[in-house]
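**Q** could you look at this predicted model? Sequence included:
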Amino acid sequence: MKKILITALLFVGYSIQAQQQELIDNSWYLEKLVIDGEEFFPPDNEEVSPEQIDVRFTEFIVEASSGCNWLAGEGIFLDETNSFEISPEGWAVSLMECQLPENIDFEVHYFYEFWSIDFTEIPDPFHYEIQSEGDNLSLVVTNSLGSEAHYNNFVLSTIDIGSNVQNPFNIYPNPFHDKLTIENPELKITSVKITNTLGKVIIDQSVSGKRHEIDLAHLPDGVYFVSFVQNGKILKTEKVLKK
């Protein structure tokens with residue numbers, strides 16, 4: 001019995017160490033915040049873009065960016081659990097100002113509600129969990145109040161490969177509840193692919209006619225990516241939200 005217990009403890013210790021190394025080795029781009037059960041998604045506009053809203057870890061430093069500002073603090077990793085604390089010195093923060101109201105609002109949620117409480121208190125400890133699907137990794141950081149920050153090691157953004165195509169198709173509504181409608185008036189699209197945030201294809205469906213409806217009621221709420229395909233070539237990918 002003692003040998004089994006020792007083996008189990010060694011395995012747990014190795015798993016924690018491996019997660020900490022993955023945490024440090026990757027850049028993490030924010031997918032969404034969940035605060036008091038409400039979801040907040042990063043803005044994507046002329047002032048900030050998804051690749052700017054992230055968190056980065058070294059062996060000693062935790063640094064998060066809102067796109068307009070950054071905050072940084074000394075990270076103290078706890079060996080026994082997948083968690084860390086910020087040193088008593090607290091956060092250092094840059095003093096730039098967002099110009100757009102949506103960016104200001106999001107920065108308040110990210111900096112003043114998740115990573116700190118009005119910069120007067122740090123909701124330590126922060127627990128983290130990393131999951132993998134192929135080369136794609138997802139990270140969930142949970143503070144002591146139960147608020148969550150969801151990250152990926154790749155950027156969630158709208159990819160526009162066919163930028164020379166002048167709106168030959170459309171998708172709505174966004175956000176959606178159970179169904180998405182694709183308008184294809186010029187018959188440019190031959191199929192659509194829908195992937196989740198880990199890059200897994202969950203729908204691959206042929207499109208015929210000028211209007212096509214996809215039933216997605218079975219999918220859980222969250223962010224998805226719809227790729228418009230013409231004879232195997234992706235013309236455009238759009239981010240949609242199911243809620």
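**A** Everything's here; your move.
**Q** when you work out contacts or count neighbours from here on, use the C-alpha atoms and nothing else.
**A** OK.
**Q** for residue 53, see how far away residue 63 is.
**A** The spacing between residue 63 and residue 53, counted by C-alpha to C-alpha, to the nearest Å, is 11 Å.
**Q** between these two, tell me which one has more neighbours.
**A** Legend: neighbour count by other C-alpha atoms under 10 Å for residue 63 and residue 53, higher for residue 53 (25 against 18).
**Q** I'd say that one and residue 29 touch.
**A** Yes. Counting by C-alpha atoms under 8 Å, residue 53 touches residue 29, with 6.0 Å between them.
**Q** ok, the residue nearest to residue 87 when sequence neighbours are not counted - contacts?
**A** Distance criterion C-alpha to C-alpha, 6 or more residues apart in numbering; nearest residue to residue 87, sequence neighbours excluded, is residue 74 at 5.4 Å. Residue 74 sits next to 60-62, 86-87, 89-91 when contact means C-alpha atoms under 8 Å, 6 or more residues apart in numbering.
**Q** repeat for residue 190
**A** Here residue 190 is in contact with 206-208, 228-231 (criterion: C-alpha under 8 Å, 6+ apart).
**Q** change it to 7 Å
**A** Residues in contact with residue 190 (C-alpha atoms under 7 Å, 6 or more residues apart in numbering) are 206-208, 229-231.
**Q** that one and residue 225, how far apart?
**A** Here residue 190 is placed at a distance of 17 Å from residue 225 (C-alpha to C-alpha).
**Q** just list the residues touching the residue nearest to the spatial centre of the chain, thanks.
**A** Central residue of the chain (C-alpha atoms, centre = their mean): residue 31, 1.8 Å from the mean position. If you count contacts by C-alpha under 7 Å, 6+ apart, residue 31 has them with 41-42, 150-152, 156.
**Q** quick one: which of the residues you listed is nearest residue 235?
**A** Proximity of the contacts of residue 31 to residue 235 was ranked by C-alpha to C-alpha; the top entry is residue 156 with 17.2 Å.
**Q** show me how this structure divides into domains.
**A** 2-152, 170-242 (automatic domain parsing).
**Q** after the helix or strand in which residue 229 is found, next one along is what?
**A** If you go by DSSP states H and E, residue 229 is part of strand 222-230. Scanning forward in sequence from strand 222-230 by DSSP H and E, the next helix or strand is strand 233-242.
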